Each structure stands twice: as C-alpha cells, then as structure tokens.
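**Q** Fold the following and give me the result.
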Amino acid sequence: MPELPEVETIRSQLNRKIVGKKLDGKMIIKVRRRAKLLIIDFKDGSSLVFHLKLTGQLIFNGEVSSHTRKVFKFNGGSKLVFNDMRKFGWWKFVKNTKEMEEKFGPESLAVSFKTFKNLLMNHSKAKIKPLLMDQKVIAGIGNIYSDEILFAAKVHPLRQAETLKDKEVRQIFKSMRKILNLAVKHHGSSVQDYLDSCGEKGDYVKYHKVYQKEGKKCARCQSLIKRIKISGRSTHFCPACQSLALAGRSNCQQ
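**A** Residues are numbered from 1 along each chain as shown. The predicted structure follows:
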C-alpha cells in the first residue's frame, strides 16, 4: 500500500502539473496530502480526494488499460488516469475535507518529539509496530516504513510502548524522520504496483534493510532476518539487533 513517501511523491509531482488547470469546469488551486490521502483542492472550496489503497495508481497523461477505473480530463487535453488492479482504492468529490482529515493523528514528518512521545505513552499497552501504523495516532506510516524505522532504531516490533526508554523513543523519532525523508527523496518504494505520477518506479527499495528480506543476512550483524505476523500484518526484523530479551540494548555494532 502506498504510504507517506509514495503519496507525497505523487502530490509533489501533480502539484507542478495540474495546478491552474480546470476539471469539470472547476479551477485546481492546490494538491495536498493528509496521511495517505491525496487531496486536490478547487477554487470553490471543494476537493477531490483519493485513497490508493493496495494497488491504486495515478498517472498523469497515462495510457488507459484494463485496470483503469477512471480518467479525469482537464482543460487543454491533459488527463489523470486512475488505475487499480484490485479495486480497493477510491475517490470522491467532497465539499469540505475537515471532517475527513480530523480522523487522523498528527503528520509523522511534522510532529514534534514531545507530542510524539506523549502519543506513544498515551497508548502505553500497545505494541510499537501497530502503534506506528495506527493512522489515528500518527499519520502516514504503514507496513514498509514501520519495519524500516524500528530496525534503524533497534527496537523489537512487539515491544509495548510503556517499556521503551526515553532514548529509544528518541531514536524511533529520529529514524522516522530520516527514513521517511530519504524515501520521499527517492520517490518511494515500488515493492508491488506503486508507480509515481510519471509512471515510474520509486527506487527506495534498494535502501530497505529488513522489509521483505526474510532469511537474508542482517546488514549490521549478519543474523538472519525473521518474519512474524503482528495484528495480521507481516513484520520483518533482526532477532539479534532488535531482541526482546535485550530490552533496548543491542549486541550489534553500529
């Protein structure tokens, strides 16, 4: 599923390509992102909202295919093609996005450390992996980047928030900022169907340390990466670098 880096990439590209164009007679003034939603704002105050879900793609001037669910035509002849092989994604025109946006927690790239720490401690019994993925707590992180963030921070994905030391919370916060920003720079991760609005793959996959690397050697300590299920989601981690038994200490060298 496209996460913050992928949706932010599409947002940035479309903001340059379609602002000032008209769709159904309405002038586009801005393209925004909230959590994993892509929002196209019109001059009249209304918006067109997309959630790409698992396999959604938004390709500017893309080719229509058997997976195309909708073609949005702009004045001047350009178009935005919405493809979705599994048909879980959606779009809708709304008069106001306030109620929709209020359902999400603070943005993961904008939240302060103090607020981030308080959010975790307010859910002290929750396991850190699903907590990072809970869009009502903090917005934008999904399965890929939660794995990568926790590996970078050397925190086991099953750790409860209340067991985290202050330095571990700070390391998770720093890793979150660093990894998400780097992933945006590389236009996201194309692990399945994700393409940017130019129809190109993101190349952050080559920076992945644990996601979908089950059975491969850890880049830090050479232990084998493991995969487990947490809240129904596949989770990848290094059992040595991210040991539950070590409770925040690591036997791996940086």
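**Q** measure the nearest residue to Lys26 once chain neighbours are set aside to Gly215 for me?
**A** In this structure, Lys26 finds its nearest non-sequential neighbour in Phe42, 4.2 Å apart by Cβ to Cβ, 6 or more residues apart in numbering. Backbone N, C-alpha and C define where each C-beta goes, glycine included. Relative to Gly215, Phe42 is positioned 49 Å away (criterion: Cβ to Cβ, to the nearest Å).
**Q** Which one's more surrounded, the two?
**A** Phe42 (18 against 8; other Cβ atoms under 10 Å).
**Q** So for Lys70, what's the pLDDT?
**A** Listed pLDDT for Lys70 reads 97.
**Q** just checking, it touches Phe82?
**A** Yes - with contact defined as Cβ atoms under 8 Å, Lys70 counts as touching Phe82 (4.4 Å).
**Q** Between these two, which contacts overlap?
**A** Counting by Cβ atoms under 8 Å, 6 or more residues apart in numbering, the shared contacts of Lys70 and Phe82 are Trp91.
**Q** So for those two, which sits in the more crowded spot?
**A** Phe82 (20 against 13).
**Q** Could you name the helices and strands sitting against the helix or strand that one falls within?
**A** Assessed by DSSP states H and E, Phe82 sits inside strand 79-84. Counting by 3 or more Cβ pairs under 8 Å, 6 or more residues apart in numbering; DSSP states H and E, the packing neighbours recorded for strand 79-84 are strand 56-60, strand 68-73.
**Q** what's the nearest residue to Ser190 if we skip its chain neighbours?
**A** That would be Lys201: by Cβ to Cβ, 6+ apart, it lies 3.6 Å from Ser190.
**Q** what's the answer for Leu195, then?
**A** Gln57 (5.2 Å).
**Q** So what sits opposite the one you found in the bridge?
**A** Asn83 (DSSP bridges).
**Q** wait, it sits on Tyr194?
**A** Yes - checked against Cβ under 8 Å, the pair Gln57 and Tyr194 is within contact range at 7.3 Å.
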